[in-house]
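Asker: How does the following fold in three dimensions:
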Amino acid sequence: MLNKKDLLSIEDLSKKEIISIIKNANNFYKNRKISIKEKVLINRTQINLFFENSTRTQVSFEIAGTLLGASVVNFPLNNSSQSKGETLIDLAATLNSMNPDILVIRHPNSGAVQLISEKVTCPVVNAGDGNHEHPTQALLDLLTIQKRVGRTDNLKIAICGDISHSRVARSNIFCHKKLGNEITLIGPKTLIPRNIDKLGVDISYNMADGLRDVDVVMVLRLQKERMDGGFFSSEREYFHLYGLDDRKMKYAKPTAIIMHPGPMNRGIEIDGNLADNLDKSVITMQVEAGLAVRMSVLELLLKNKYENV
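Answerer: Below is the predicted model:
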């Protein structure tokens, strides 16, 4: 069970709750043909509000809700009152008056999703807020690791690249620290936040040292749209030092897997041929796991809501 109104962050979840979500997601990973009786969102309304562009996450949540029986509404923010200056609080009040059963929200500002959740009575799922968290991404990454590696504990994990602007990195750190796994963050000093080592992670500014004997390599997208200064001299130099390729992968375990939340910048963060090497890369598997995890989250939140009425 998930005894929470909302899913806003991995930091808020217990180890038991994380395992519960993954266990439930495994059911959907194996079988997505759901009987009418099992469709917990039938005759329910799910509203997706994406204040930032998204392909994988938005489509995944839309399909997840539809498979569970929901009427899914994708809120057209470009044509909404938000573009006319409406505040988040007023938007939340408007949506709450429509009595939706669940909201899925992505927003460019950290904390915005929590603010909305405090003003509505229905469950809210954080689909990514600023550089704060992206909880379902960490959960789908965990499910992918479980499927491919065969376990979710006793792991050495490297997270490489743009740590500073990454909500994916933060959610994965919280997730894997709760599971007792070792985490090393790798990147240039300009892209690793100060004091992040207080979260219990190791820091490396060198791929050879940071990748040594790891089980999982998570590569992050360079979020150039969030960068307002010179964080590295050139994309060519960045790839030479921190882009994942066959040469750098030799420092990891021979059985190590490669992950990326997408979208990828091929030839900058990761070599294109390596990304397509299905012996090591599980990037497409992550997308598949994402649907199962989001079905799991929607189901558990709705069950918690209506079973406690």
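
Asker: Centroid-nearest residue for this protein?
Answerer: With distances taken as C-alpha atoms, centre = their mean, Gln137 lies nearest the centre of the chain, 1.8 Å away.

Asker: correct me, but that residue touches Gly128?
Answerer: Yes - Gln137 is within contact range of Gly128, at 7.4 Å (criterion: C-beta atoms under 8 Å). The way it works is simple: take the backbone N, C-alpha and C, and place the C-beta from them, glycine included.

Asker: if I look at those two, which residues touch both of them?
Answerer: For the pair Gln137 and Gly128, residues contacting each of them under the criterion C-beta atoms under 8 Å, 6 or more residues apart in numbering are 57, 167.

Asker: the domain parsing of this structure - what is it?
Answerer: Residue ranges of the domains in the chain are recorded as 15-134+288-307, 135-282, according to automatic domain parsing.

Asker: Quick one, which of those domains gets closest to Leu8.
Answerer: Shortest distance between Leu8 and the domains of the chain, using C-beta to C-beta, is found for domain 15-134+288-307: 4.7 Å.

Asker: got the end-to-end distance for the closest one?
Answerer: Using C-alpha to C-alpha, to the nearest Å, one end of domain 15-134+288-307 lies 23 Å from the other.

Asker: Where does the residue nearest to the centre of the chain fall, secondary structure wise?
Answerer: helix 135-149 (DSSP states H and E).

Asker: For that helix, buried residues please.
Answerer: Buried residues in helix 135-149, counting neighbours by 16 or more other C-beta atoms under 10 Å, are found at 135-146, 148-149.

Asker: Would you pull up how far it lies from the middle of the chain?
Answerer: 9 Å (C-alpha atoms, centre = their mean, to the nearest Å).

Asker: Tell me the buried residues in stretch 241-260?
Answerer: Using 16+ other C-beta under 10 Å as the test for burial, stretch 241-260 gives 242-245, 248-249, 251-252, 256-260.

Asker: Torsion angles phi and psi at Leu179?
Answerer: Leu179 adopts backbone torsions of phi -90, psi 0, taken as degrees, to the nearest 10.

Asker: can you pull the contacts of it?
Answerer: For Leu179, the contacting residues are 15, 18, 142, 152-153, 155, by C-beta under 8 Å, 6+ apart.

Asker: Same question for Asn26.
Answerer: When contacts are counted by C-beta under 8 Å, 6+ apart, Asn26 is found next to 143, 146, 292.

Asker: Isn't the second one up against Leu140?
Answerer: No - look at Gln146 against Leu140 with C-beta under 8 Å: they stay out of range, at 10.6 Å.

Asker: Could you find the closest non-adjacent residue to Ile63?
Answerer: Spatial nearest neighbour of Ile63, chain neighbours left out: Leu291 (6.0 Å); criterion: C-beta to C-beta, 6 or more residues apart in numbering.

Asker: pretty sure that neighbour is in a helix, no?
Answerer: Yes - using DSSP: H, G, I helix; E, B strand; the rest coil, the assignment for Leu291 is a helix.

Asker: State the helix or strand in which the nearest residue to Glu11 once chain neighbours are set aside lies.
Answerer: Of all residues beyond its chain neighbours, the one nearest Glu11 is Phe174 (4.6 Å), with distances taken as C-beta to C-beta, 6+ apart. Assigning secondary structure by DSSP H and E places Phe174 in helix 167-178.

Asker: returning to what we had before: which among the contacts of Leu179 count as buried?
Answerer: By neighbour count, with 16+ other C-beta under 10 Å, the contacts of Leu179 hold 18, 142, 152, 155 as buried.

Asker: Quick check: Val217 is in a helix.
Answerer: No - with the criterion set as three-state DSSP, the secondary structure at Val217 is strand rather than a helix.

Asker: tell me the contacts of it?
Answerer: 157-158, 160, 211, 244, 249, 252, 256-259.

Asker: Can you get me a residue count around Ala169?
Answerer: For Ala169, the neighbour count with other C-beta atoms under 10 Å is 31.

Asker: do Met285 as well
Answerer: Neighbour count for Met285, taken as other C-beta under 10 Å: 18.

Asker: Over to Val168?
Answerer: Neighbours of Val168 under the rule other C-beta under 10 Å: 26.

Asker: how far away is it from Tyr306?
Answerer: Taking C-beta to C-beta, to the nearest Å as the criterion, Val168 is separated from Tyr306 by 31 Å.

Asker: ok so, going back, tell me the one among the buried ones among the contacts of Leu179 nearest to Phe61.
Answerer: After measuring these against Phe61 - C-beta to C-beta - the closest member comes out as Leu142, at 17.8 Å.

Asker: Contacts only, for that closest one.
Answerer: Under the criterion of C-beta under 8 Å, 6+ apart, the neighbours of Leu142 are 18, 22, 152, 175-176, 179.

Asker: how about 7 Å then?
Answerer: If you count contacts by C-beta atoms under 7 Å, 6 or more residues apart in numbering, Leu142 has them with 22, 152, 175.
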